[in-house]
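Student: Have a look; sequence and predicted model below, questions after that.
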Amino acid sequence: MNTETLKEQKVTVATTERISGCEAIVRCLLEEGVDTIYGYPGGAIMPVYDELYKYREQLHHVLTRHEQGAAHAAQGYARISGKVGVAMATSGPGATNLITGIADAQIDSTPMVCITGQVASHLLGSDAFQETDIIGISTPVTKWNHQVTRAEDIPEVLAKAFYIARSGRPGPVLIDITKDAQFAEFDFKYKKCTGIRSYTPIPKMDLEKVKAAAELINSAKKPMIVWGQGVILGQAEEEFKAVVEKSGIPSAWTILGASAIPTDHPLNVGMVGMHGNYAPNKLTNECDVLIAIGMRFDDRVTGNLATYAKQAKVIHFEIDPAEVDKNVKTDIAVLGNAKETLAALLPLLDQKNHEQWHDEFRKLHVVEFEKVIKKDLYPTKEGLTMGEVLKEINEQSKGDAAIVSDVGQHQMIACRYAKFNKSKSNITSGGLGTMGFALPAAIGAKMAAPEREVVAIIGDGGFQMTIQELGTIFQQRLPVKIVVLNNEFLGMVRQWQQLFFDKRYASTEMINPDFVSIAKGYYIEAKKVTKREELKDAVAEMMGNAGPYFLEVCVEKEDNVFPMIPTGASVSDVRLS
Amino acid sequence: MEKTIHTYTVSIYTENNIGLLNRISAIFQRRHVNIESIVSSVSEIKGVSRWTIVVKVSEEQIKKIVGQIEKQVEVIKAYYHKDEDTIYQESCLFKIKSDLLFEEREIQNIIKDSGANIVTVNKKFFVLEKSGRRNEIEEIYNQLIPFGIMQFVRSGRIAVTKDEMKISEMLAAFSN
């Protein structure tokens, strides 16, 4: 043994102390820089809650009204801050209630650590009270999961959990800790995880591939960029903007890529996908080089793969090797973190402006404006449109608000029309399409970024899936702005029924409660708007209010969201009506 | 990409972790791919498990499946090979009444010609072991079935690749 190890050992002795597993859990969270966690107590996690009480000055635990709310709040926290969101629940139903949020985080690559209590290890497999095999249940929807049955394993496992959740392509991790492991005492020492031998978070960038990509981009006559959340998760916004501006390439975004560069950036040509903008969808099938950056060619983006960008050479900048060639065959795949690969690409690009090519986007935008946008934003009919509500919010927030949207028509309208100046401003459930996401996610977002205006845009259907989180908002006195766009329908499903099921409105009409009274029941200031002339003042009152505020806007019942690519159709068959 | 169905041998090097089987089998299950056989064992590297999974899919499918397997945190490396790129074997056991061994001369010839080994003999039964390719095992099975087999079991495929799998170097690189 050399002197160095001896010294190390001395240090170790000096820094260890004997504590319980449950205290260790809280200490690990603090070591990882966690300041807020969302959860719900119960039998198998109570020892940890006892410690949370002792540490309440250092670690803020937010009691949600349902574990699903805790998971979505942790997601909202993570999405606006880029930090790992933490949710906690007890065993059995507490743990299973987290699953929807975990599945949502998995498909949307959101860094999250969930800690669940479990029955004592000697009871495992005995069908004990509130025992459920949460490891088995959560396996397909987690990046990693692990059950801890010995207190001394807690620090190492939690260190790994945070490392795995936040590194590479982020994702949710679930750690299940038996009650006996929470009670047992051991010598605590924390060491952050910096690597795992079986896990390569970021594949090595191949400079030759970057050069090949640059050559292809430089020689392109009609190049088009489609970027996704990879730009935001990789903190590559600056590098991305520089690449876009130097290359002059029209750039479109997926729903989760929104806000990586500002909405009104001249090279931003809008959203792709099912309800994306007309020009980028149409021109996907006319570009000669398609440059995909940190996106995964989801079916809602590509429509029918057999007719998707067949004429184009495809370059894919991607952190996850399993995404390459998964849906769209690429000609050049550049693996690595977007921050690094785009920085390497930038000096190799020629300065261009692609003026004529941009004209084609502008021409199609005019078509979309005339046929869709004008009706949405400047309606002449009597009923309010969802679009004009978004327009009003844009004008009053000046595009600085973070918009947290739920799932459905209002989500598509929010993503199409919300104005974003800053990155990480569009928080929505993309891949999983989880109704009920927005209200709890807005809680997490507001707590992670209290300096920002957080506006939740929710439909009357999704609102009632997690409506009880109004209680959390009230208890935490969170100045979240909640806008419910009420069309008394599960609007998106109704739209499909109208278009594809001959208007057979099966179980989509909703007879709703008095939402304003419900909000007021939670002591949240609330207002209902039914007429256009009331909208401006109502939004102003909401934005000017220092506390939480609920605004219900009754909108046209049977409006549809266009453009639309029907399922299975080609992106070039995007419909305007 | 290649759409024809082939038999692929997937070799996976993993950390030995409870629950990983669940995680890996879910990848096949989600895609409705039937696992023909699965074997888990130690590998040439201390502390590293090696799994051998046989599936019948297209090259396009196997590429994506292996991509998803490799993505799992506790998987060190995964490979897929066609039959011609591996040396592979299965093993099987037959439990047969001992009388037959002495009364039926034909059984003795089958044992001799097939290169099967007698593992144990007692008054009631004897156990025959045969390793080899699937067709060799099927052949002896078909030969023995008329005499009556008390029990039969066949293992999953185990395989080594003709080419090198540079797994040790990868692990060495990590510890440096």
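Tutor: The structure has been received and is ready for your questions.
Student: I'd like to know which residues of chain A are adjacent to chain B.
Tutor: Taking CB under 8 Å from any CB of the partner chain as the contact definition, chain A meets chain B at A:135-136, A:139-140, A:143-147, A:164, A:195-199, A:320-322, A:324-326, A:329. Where C-beta positions appear, they are placed from N, C-alpha and C, glycine not excepted.
Student: and residue 119, how many residues sit next to it?
Tutor: Answering for chain A, as no chain was given. When counting by other CB atoms under 10 Å in any protein chain shown, one arrives at 22 neighbours for residue A:119.
Student: try again with chain B
Tutor: When neighbours are counted by other CB under 10 Å, residue B:119 registers 12.
Student: Just to be sure, it is in a strand?
Tutor: Yes. Using DSSP: H, G, I helix; E, B strand; the rest coil, the assignment for residue B:119 is a strand.
Student: Contacts only, for the residue lying closest to it once chain neighbours are set aside.
Tutor: Spatial nearest neighbour of residue B:119, excluding adjacent residues (CB to CB, 6 or more residues apart in numbering or on different chains): residue B:127 at 4.3 Å. Residues in contact with residue B:127 (CB atoms under 8 Å, 6 or more residues apart in numbering or on different chains) are B:93, B:94, B:95, B:96, B:118, B:119, B:120, B:121.
Student: rounded to a whole number, what's the mean pLDDT of the helix or strand hosting residue B:127?
Tutor: For residue B:127, the host element (DSSP states H and E) is strand B:125-132. The pLDDT scores in strand B:125-132 average 96.
Student: for stretch A:207-218, same thing?
Tutor: 98.
Student: Which positions in it come out as buried?
Tutor: By neighbour count on 16 or more other CB atoms under 10 Å in any protein chain shown, the buried set for stretch A:207-218 is A:209, A:210, A:212, A:213, A:214, A:216, A:217.
Student: all helices of the stretch 51-200 of chain A, in order?
Tutor: Along the stretch 51-200 of chain A, counting by DSSP state H, counting those that start in this stretch, helices occupy A:67-81, A:93-107, A:134-138, A:154-166, A:179-183.
Student: Quickly note the distance from residue B:114 to residue B:131.
Tutor: 11 Å (CB to CB, to the nearest Å).
Student: now residue A:283
Tutor: Distance from residue A:283 to residue B:131, by CB to CB: 61 Å.
Student: the more surrounded of those two?
Tutor: Neighbour totals were compared for residue A:283 and residue B:131, and residue A:283 leads with 24 against 15 (other CB under 10 Å).
Student: Looking at the stretch 301-450 of chain A, which residue is nearest chain B?
Tutor: For the stretch 301-450 of chain A, the nearest residue to chain B under the criterion CB to the nearest CB is residue A:322, separated by 3.7 Å.
Student: Secondary structure element holding the residue lying closest to residue A:297 once chain neighbours are set aside?
Tutor: Using CB to CB, 6+ apart and skipping the chain neighbours, the partner closest in space to residue A:297 is residue A:327 (4.0 Å). Assigned by DSSP H and E, residue A:327 belongs to no helix or strand.
Student: Residue A:327: what's it in contact with?
Tutor: Going by CB under 8 Å, 6+ apart, residue A:327 touches A:296, A:297, A:298, A:299, A:302, A:305.
Student: one more time with 7 Å
Tutor: Counting by CB atoms under 7 Å, 6 or more residues apart in numbering or on different chains, residue A:327 makes contact with A:297, A:302, A:305.
Student: Which of those are buried, as a ChimeraX select command?
Tutor: Selection of buried members from the contacts of residue A:327 for ChimeraX, criterion 16+ other CB under 10 Å:
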select /A:297,302
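Student: Which one of the contacts of residue A:327 is nearest to residue A:463?
Tutor: Of all those, residue A:463 sits closest to residue A:302, with 30.6 Å by CB to CB.
Student: Tell me the spacing between the closest residue to residue A:486 other than its chain neighbours and residue A:484.
Tutor: Spatially, and ignoring its direct neighbours in sequence, residue A:486 is nearest to residue A:460 (4.3 Å; CB to CB, 6+ apart). Noted for residue A:460: a distance of 6 Å to residue A:484, by CB to CB.
Student: hey, where'd the strands end up in chain B?
Tutor: Here chain B has its strands, by DSSP state E, at B:5-15, B:35-42, B:48-58, B:75-82, B:86-97, B:117-121, B:125-132, B:151-154, B:158-161.
Student: no wait, the stretch 101-250 of chain A
Tutor: Ranges of strands in the stretch 101-250 of chain A, per DSSP state E, counting those that start in this stretch, are A:112-118, A:144-148, A:172-178, A:185-188, A:223-227.
Student: want to throw these into JSON lines with mean neighbour count and mean pLDDT?
Tutor: Shown next, in JSON lines, are the strands of the stretch 101-250 of chain A (neighbours: other CB atoms under 10 Å in any protein chain shown; pLDDT from 0 to 100):
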{"stretch": "strand A:112-118", "mean neighbour count": "29", "mean pLDDT": "98"}
{"stretch": "strand A:144-148", "mean neighbour count": "24", "mean pLDDT": "97"}
{"stretch": "strand A:172-178", "mean neighbour count": "28", "mean pLDDT": "98"}
{"stretch": "strand A:185-188", "mean neighbour count": "16", "mean pLDDT": "98"}
{"stretch": "strand A:223-227", "mean neighbour count": "28", "mean pLDDT": "98"}
